[in-house]
Each structure stands twice: as C-alpha cells, then as structure tokens.
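Chemist: build me a model:
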Amino acid sequence: MQIEQQDTRVELVYGEDEAKYLLRDAAEIKALFRALLGHRGLLGARSIPGGHNFITALIEADEQRGILLDASTDPLQNERIAQSNALDCVTQLDRVRIQFLLENHALVVEDGKAGFRAPFPHTVLRLQRREFFRLQTPSTSARKVVCRFPLPLGNGRTHEVELSILDISRGGVAIAVPPGGVALEQGAVFEDCTLLLPDTPPVSTRLTIRNLFRITRPNGVELLRIGCAFADLSASAGDAIQRYVLRMERERNARERGLI
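Modeler: Have a look, this model is predicted:
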C-alpha cells in the first residue's frame, strides 16, 4: 500500500458541507478504525510539537482500551514521541485520505512489543480526492491558472489581486489565499471574478465561498484554501471550463503513460 504522504496538515476551518469531511460521532469513528484495522494499512505519524515523523501501523482498535499503534524501531525516538502533546496521523482507506490527532498517547510495552496507546480521536477528517483534488492545476508559470479576485478590505472597499487556482471543475474552484488580514466568511459572494485559463478566453463569474481549509506545509508556511462554487455561470463559460478540464486530464493521462 502507498501511504498518503505526510507533507501537509489539512484543517477544516468551516464548511456548509462539514459532515462530508468531518466525522464526529463516536460510534462512526470507532467503526472507521475497525475498518482501518481490517485493511492492515500503514499510517504516517508526526509528533506535535517536535515534528518527529515515523511510519506506523494500527495494531488494535478496542472499544474500551482505545487505539494501539506500532512504535518506532528507535527507542530514543519513541521516548521523544511519548513526550509530545499529540500525534498527527494520516492514512488512506479506499483512496480516501484519513487524518486525525491522537492525544494523551502513552508509550507502552504489551506482549513484549512497544507501542503507543491512546483514546479514540474526537474527530476524523476525510478527504476524497475526487472532491478535494478535482483537477490539480499546473504550477509552472507558463501554465499557471489564476483568478482575479476582489478581496474585501472593509467599508465596502475591495482590492483586486491574482490568486492561484489549486483545482477546478465545472462546478467551482479552490483558490489559495495567504492567511491574515482577509475576512472570508462562509457563504460570502464575490462579484466580478475572472478566471484566466491557458489557451482559453477569460471567464467572468461570481463565486460563493462554500468551505475554508487551512493548509500547513512541512516548513510551517500556511495558506488558506477556499472552496468556491460558481454562481450564475453562463453555458458558454461552463463549456470553456469543461473543455479546459478535459484537455488537462488528457495531458495528465498521456504523461502518466509516458507519451509526452
């Protein structure tokens, strides 16, 4: 199994479709961990604070005793991990990214084998790639996809900036916004937005914010990912976006097959 890389931390700040991403029900969380246990997959774990990364596996998910993870092969690293406040864990189940925090973990030795035991998490974040990464846009400057976006400054004033589009579909876009100084409220509607897609005429649209995620890179740099739905998108504009999406998917498939 290929582990979901522990390269970023994803946090849902708000979302009108929160239940699609977050599990909060204790019974559902325990059922998910039983499924993970049966899947016998690996997890990437990182201690917070400290940032000690290690690969582990779910050994037990018991209703009463909680969760047991396999420990590192390095005893000194295990001691450092045991002193941390939490373990940030990520794995995959049926191609869905599963991310959760384990708190109050303790280094234990059971049946002669070291492990980390912890209570079940209170919440679990689930991200389906087809929803969160609909079509990842190119990052090269020549192929970069941007949106001219009127950021609110307060008192009815706005400041137009070009922001990177992270992914796109006919239904909406995800846009990267630097954190700080910008009020982005759920359900806010932004007029006069313009999508600039390579080899495509500019697309004018209104955008409605549906959700907001905070993304933390390994170097500590943060960005906000706002998921926006198109509002009153014309048929011609929708067709132009769909053609772009299909073209990018064809190019990506060709690259994966080594044809380009």
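Chemist: CA atoms for contacts and neighbours, from now on please.
Modeler: Will do.
Chemist: quick one, helices of the stretch 51-200 of the chain?
Modeler: 75-82, 129-132 (DSSP state H, counting those that start in this stretch).
Chemist: any idea which of those helices scores lowest on pLDDT?
Modeler: When the helices of the stretch 51-200 of the chain are compared on mean pLDDT, helix 129-132 scores lowest, with a mean of 61.
Chemist: which residues of this structure score low on pLDDT?
Modeler: Across the chain, the ranges flagged by pLDDT under 70 are 1-8, 129-143, 152, 180-183, 218-219, 259-260.
Chemist: give me the domain ranges for it.
Modeler: As given by automatic domain parsing, the domain ranges for the chain are 13-130, 134-256.
Chemist: going by neighbour count, list what's buried in the longest helix along the chain.
Modeler: When the chain is parsed with DSSP state H, its longest helix is helix 235-256. Of the residues in helix 235-256, those buried under the neighbour-count criterion (16 or more other CA atoms under 10 Å) are 237-238, 240-242, 244-245, 248, 252.
Chemist: generate JSON lines for the residues you listed, with distance to V203 as supplementary columns.
Modeler: Output for those, formatted as JSON lines (distance: CA to CA, whole Å):
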{"residue": "A237", "distance to V203": "6"}
{"residue": "G238", "distance to V203": "9"}
{"residue": "A240", "distance to V203": "8"}
{"residue": "I241", "distance to V203": "8"}
{"residue": "Q242", "distance to V203": "12"}
{"residue": "Y244", "distance to V203": "12"}
{"residue": "V245", "distance to V203": "14"}
{"residue": "M248", "distance to V203": "17"}
{"residue": "R252", "distance to V203": "23"}
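Chemist: which other helices and strands contact the longest helix of the chain?
Modeler: Applying 3 or more CA pairs under 8 Å, 6 or more residues apart in numbering; DSSP states H and E, one finds that helix 235-256 contacts no other helix or strand.
Chemist: quick check, distance from it to the centre of its chain.
Modeler: Chain-centre distance of helix 235-256: 23 Å, with CA atoms, centre = their mean, to the nearest Å.
Chemist: going forward, count from 57.
Modeler: All set: I'll call the first residue 57, so the last point we hit is now helix 291-312.
Chemist: now the strands for the stretch 207-316 of the chain?
Modeler: With DSSP state E, counting those that start in this stretch as the definition, the stretch 207-316 of the chain shows strands at residue ranges 213-224, 228-233, 245-252, 259-272, 278-287.
Chemist: tell me the spacing between D167 and D126.
Modeler: Separation of D167 from D126 (CA to CA, to the nearest Å) stands at 12 Å.
Chemist: again with A170
Modeler: As for A170, its distance to D126 is 7 Å (criterion: CA to CA).
Chemist: repeat for A117
Modeler: With distances taken as CA to CA, A117 is found 12 Å from D126.
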